[in-house]
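Chemist: pasted the sequence and its predicted model underneath.
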2 protein chains.
Amino acid sequence: MNIGIIGLGKMGESIAYRLRQENVFVFGFDLSQTLCQNAAKHGVIITNTVEDLLKTSDIVWIMVPVAATPEIISIIQKHAKTGTIVIDGGNSYFKDSQKQAKILETTSIHFLDCGTSGGIWGRQNGFCLMVGGKKDIFDTVKPYLDIIAAPGGVLYTGPSGSGHYVKMVHNGIEYGIMQSYAEGFHVLQGGEFQDQLNLKDIATVWSHGSVIQSWLLELTKQIFEEYKDFDIISGAAQESGMGKWTIDEAKQHSIPISVIESAYKTRKESQKTGGNFATKLIALMRNKFGGHTVGKKEKS
Amino acid sequence: MNIGIIGLGKMGESIAYRLRQENVFVFGFDLSQTLCQNAAKHGVIITNTVEDLLKTSDIVWIMVPVAATPEIISIIQKHAKTGTIVIDGGNSYFKDSQKQAKILETTSIHFLDCGTSGGIWGRQNGFCLMVGGKKDIFDTVKPYLDIIAAPGGVLYTGPSGSGHYVKMVHNGIEYGIMQSYAEGFHVLQGGEFQDQLNLKDIATVWSHGSVIQSWLLELTKQIFEEYKDFDIISGAAQESGMGKWTIDEAKQHSIPISVIESAYKTRKESQKTGGNFATKLIALMRNKFGGHTVGKKEKS
């Protein structure tokens, strides 16, 4: 089957790259000429329009910012061939994905919602994919998902919306974990042994045999290796909305998630106040795993 | 050098075991006859009293509950040979360790405070050791620490107290991370896709390529494999005090750590209310990494 990828940014290009490594035919579309040229280097066949891409693609992978997804899907709805399988690999709201699946069903186009984790490291390590939709459609695309994913990194989560739902909760957990590390290192940096502790060495030793060893801690270690001067970094920690969705969902079901909520609030507040050592660390972690921009501190 | 270990419980026995695997002479003391017999199987030479152990040991490793540590140290102070190196491997409060170091110094006994992470898995994987005290004393015992630790799992953290300080913050972070996972799985269990999601499969796929992959997540996966019925488990999540110390320390230095604080409060509250799915998961995680008892739910 031919795969068309709409959106050739960090994530879309990585997915195209992994498929091309296994010689899958990949068509690509992006509004940015530079991103198209970049993907073409790996043998991605660039189309001039989404409509053109739809003509040649059996599977269409959407990897665009959340806000742009509905427009893309409405083009697909009008122009895709019968039987086309659409995979939304972005961070869409699960209720929107449930709706899209229903709408596309009426036009005999199949829809899978795919939560995609792994950030910029997915290109080399493979992604973690959480996929909702009809099981037989999932089974059809499974061989391609296996190429895109890390070994063991593909899961059929259940009905439409459940893939993006599981990814939403994944991101909520991510907020809490990042904030936990950030607060701990903040205490080490500013507490009793201020200026006497080597944060890089501590992140390193914790990565060897401790209860809190993790991939995010490995990245934190790299951050301390690379960034000597935290003063110039803005402590405004951004977020992409999925933490808030997790909180809303938890509230609707009367599930207390005070830690995830507190982590979210800390980021929002940091955007107003400029944050502190902990939120600087969060901004740097987001940069490290997702390639998100780190702000420079404004001169006072 | 001969090593004497006071306290042959889960942690002390594991340390003795690792040293014995490398044919180090190990003397051991514990009030429990059963624990002594258990350690003796690996060639640990059991002494009848702490005083006897002090006669033959150049390095004395204390691995007893926090409350019992001061008494043990006061016996050591009276009876240890000049030049004995005392290592407190337990979860002592760092300010107590700073005091102990000062007191012992006057009697020409050396003191190291060693934060020990890795739980019951340290026996096979090696521990993560964070060690404070005089650098030359640390260097003297380093070869033995290397045997006890996982590869790369030994760090000289700085002056007396800093080892237990770094471990205290480690545990604070641990509270936050555990609560983050627990809240996320609670949403998956009780939210929109209630009864439709396989938590074991989700923990598994997240362990392959996702941003939140970690050792604690691997243990969580094992929990979902082993425990089918969460109803019979008590949701009263215990804690050992280190989270509270981290919060007090942060407050003293005006460092906001709202996530660690919230995780701590959730545990305390669960002890009164009986908790929920999330705190059950926390109790099970504590059991999984540290062998801590999981309560059974009282019949209502």
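Modeler: All right, it came through fine. The shown structure was predicted, so the numbers you read here are calculated from the model rather than taken from an experiment.

Chemist: do the lengthiest strand in chain A and chain B meet at all?
Modeler: Longest strand in chain A by number of residues, with DSSP state E as the criterion: strand A:149-158. Yes - Strand A:149-158 is in contact with chain B by Cβ under 8 Å from any Cβ of the partner chain, via A:A149, A:A150, A:P151, A:G152, A:G153, A:V154, A:L155, A:T157, A:G158. All C-beta atoms are positioned from the backbone trio N, CA, C, and that covers glycine.

Chemist: what's the most distant pair in those residues?
Modeler: Using Cβ to Cβ, the pair of these lying farthest apart is A:P151 and A:G158, separated by 22.3 Å.

Chemist: which one's more surrounded, these two?
Modeler: A:G158 (21 against 10; other Cβ atoms under 10 Å in any protein chain shown).

Chemist: not counting its neighbours along the chain, what's nearest the more buried one?
Modeler: Distances taken as Cβ to Cβ, 6 or more residues apart in numbering or on different chains put B:Q196 closest to A:G158, at 4.7 Å, once the chain neighbours are dropped.

Chemist: list phi and psi for the one you found.
Modeler: The phi and psi values for B:Q196, taken as degrees, to the nearest 10, are phi -110, psi -10.

Chemist: looks like it contacts A:G161 (just checking).
Modeler: No - counting by Cβ atoms under 8 Å, A:G161 is not a contact partner of B:Q196; they are 10.3 Å apart.

Chemist: between the two, which one's more packed in?
Modeler: Applying other Cβ under 10 Å to B:Q196 and A:G161 shows that A:G161 carries more neighbours, namely 25 against 13.

Chemist: quick one: the helix or strand hosting A:A182 to strand B:149-158, angle?
Modeler: Per DSSP states H and E: A:A182 is located in helix A:162-190. Interaxial angle of helix A:162-190 relative to strand B:149-158 (axes from the mean of the first three to the mean of the last three Cα atoms, to 10 degrees): 40 degrees.

Chemist: buried residues of helix A:162-190, list them for me.
Modeler: Going by neighbour count (16 or more other Cβ atoms under 10 Å in any protein chain shown), the buried part of helix A:162-190 is A:162-190.

Chemist: quick one: average confidence on stretch A:170-189?
Modeler: Stretch A:170-189 comes out with an average pLDDT of 98.

Chemist: likewise for stretch A:277-293?
Modeler: Mean per-residue pLDDT for stretch A:277-293: 96.

Chemist: with stretch A:79-92 instead?
Modeler: Average pLDDT, stretch A:79-92: 96.

Chemist: what's the burial count for the nearest residue to A:T47 once chain neighbours are set aside?
Modeler: Nearest residue to A:T47, sequence neighbours excluded (Cβ to Cβ, 6+ apart): A:L53, at 4.3 Å. By other Cβ under 10 Å, 25 other residues sit near A:L53.

Chemist: A:L53 contacts A:G4, correct?
Modeler: Yes - the criterion here is Cβ under 8 Å, and A:L53 meets it with A:G4 at 4.2 Å.

Chemist: tell me, what's touching those two both at once?
Modeler: A:F27, A:G28, A:F29, A:T47, A:V60 (Cβ atoms under 8 Å, 6 or more residues apart in numbering or on different chains).

Chemist: pLDDT of the helix or strand encompassing the first one, averaged?
Modeler: Right, the one you point to is A:F27. Counting by DSSP H and E, the element that carries A:F27 is strand A:26-29. Mean pLDDT, computed over strand A:26-29, is 98.

Chemist: show me what it is packed up against.
Modeler: Identification of packing neighbours for strand A:26-29 by 3 or more Cβ pairs under 8 Å, 6 or more residues apart in numbering or on different chains; DSSP states H and E yields strand A:3-6, helix A:10-21, helix A:33-40, strand A:45-46, helix A:50-56.

Chemist: apply 6 Å and report the result again.
Modeler: Other elements packing on strand A:26-29 under the criterion 3 or more Cβ pairs under 6 Å, 6 or more residues apart in numbering or on different chains; DSSP states H and E are strand A:3-6, helix A:10-21, helix A:50-56.

Chemist: any idea which of those is most buried?
Modeler: With neighbours defined by mean count of other Cβ atoms under 10 Å in any protein chain shown, none of the helices and strands packed on strand A:26-29 is more surrounded on average than strand A:3-6, at a mean of 28.

Chemist: just the buried residues of helix A:162-190 that are near chain B?
Modeler: Within the set of those, contact with chain B (Cβ under 6 Å from any Cβ of the partner chain) is found for A:162, A:165-166, A:169, A:172-174, A:176-177, A:179-181, A:183-184, A:186-188, A:190.

Chemist: neighbours of A:F29, how many?
Modeler: Residues contacting A:F29 under the criterion other Cβ under 10 Å number 27.

Chemist: make sure it is actually in contact with A:I5.
Modeler: No - with contact defined as Cβ atoms under 6 Å, A:F29 does not reach A:I5; the gap is 7.4 Å.

Chemist: any stretches of the stretch 201-300 of chain A with poor pLDDT?
Modeler: For the stretch 201-300 of chain A, applying pLDDT under 70 flags the ranges A:298-300.

Chemist: around chain B, which positions in it sit nearby?
Modeler: Residues of the stretch 201-300 of chain A lying close to chain B by Cβ under 6 Å from any Cβ are A:201-202, A:205, A:208-215, A:249-250, A:253, A:255, A:257-260, A:262-263, A:289.

Chemist: now the buried members of those.
Modeler: Buried members of those, counted by 16+ other Cβ under 10 Å: A:201-202, A:205, A:208-215, A:249-250, A:255, A:257-260, A:262-263, A:289.

Chemist: near chain B, which residues of the stretch 1-150 of chain A are found?
Modeler: Proximity of the stretch 1-150 of chain A to chain B, by Cβ under 6 Å from any Cβ, involves residues A:S117, A:G118, A:G119, A:N125, A:G126, A:F127, A:C128, A:A150.

Chemist: I'd like the distance between the fourth one and B:V211.
Modeler: Pointing back at A:N125 there. A:N125 is 11 Å from B:V211, where distance means Cβ to Cβ, to the nearest Å.

Chemist: ditto for A:G176
Modeler: Counting by Cβ to Cβ - A:G176 and B:V211 are separated by 12 Å.

Chemist: before we move on, what about A:L145?
Modeler: A:L145 is 18 Å from B:V211, by Cβ to Cβ.

Chemist: burial count for A:D146?
Modeler: By other Cβ under 10 Å, the residues close to A:D146 number 16.

Chemist: am I right that it is in a helix?
Modeler: Yes - applying DSSP: H, G, I helix; E, B strand; the rest coil, one finds A:D146 inside a helix.

Chemist: chain center to stretch A:205-215: distance?
Modeler: 24 Å (Cα atoms, centre = their mean, to the nearest Å).

Chemist: now do stretch A:140-156
Modeler: Stretch A:140-156 has its average C-alpha position 16 Å from the chain's average C-alpha position, going by Cα atoms, centre = their mean.

Chemist: swap in stretch A:62-74?
Modeler: Relative to the chain's own centre, stretch A:62-74 is displaced by 15 Å; criterion: Cα atoms, centre = their mean.

Chemist: for stretch A:50-65, same thing?
Modeler: Offset of stretch A:50-65 from its chain centre (Cα atoms, centre = their mean): 20 Å.

Chemist: quick one: average pLDDT of it?
Modeler: pLDDT averaged over stretch A:50-65 gives 97.

Chemist: neighbour-wise, which of the shared contacts of A:L53 and A:G4 leads?
Modeler: Neighbour counts for the shared contacts of A:L53 and A:G4 (other Cβ under 10 Å) peak at A:G28, which has 29 neighbours.

Chemist: give the contact list for that residue.
Modeler: Each residue near A:G28 by Cβ atoms under 6 Å, 6 or more residues apart in numbering or on different chains is listed here: A:I5, A:L8, A:A16, A:A39, A:V44, A:I46.
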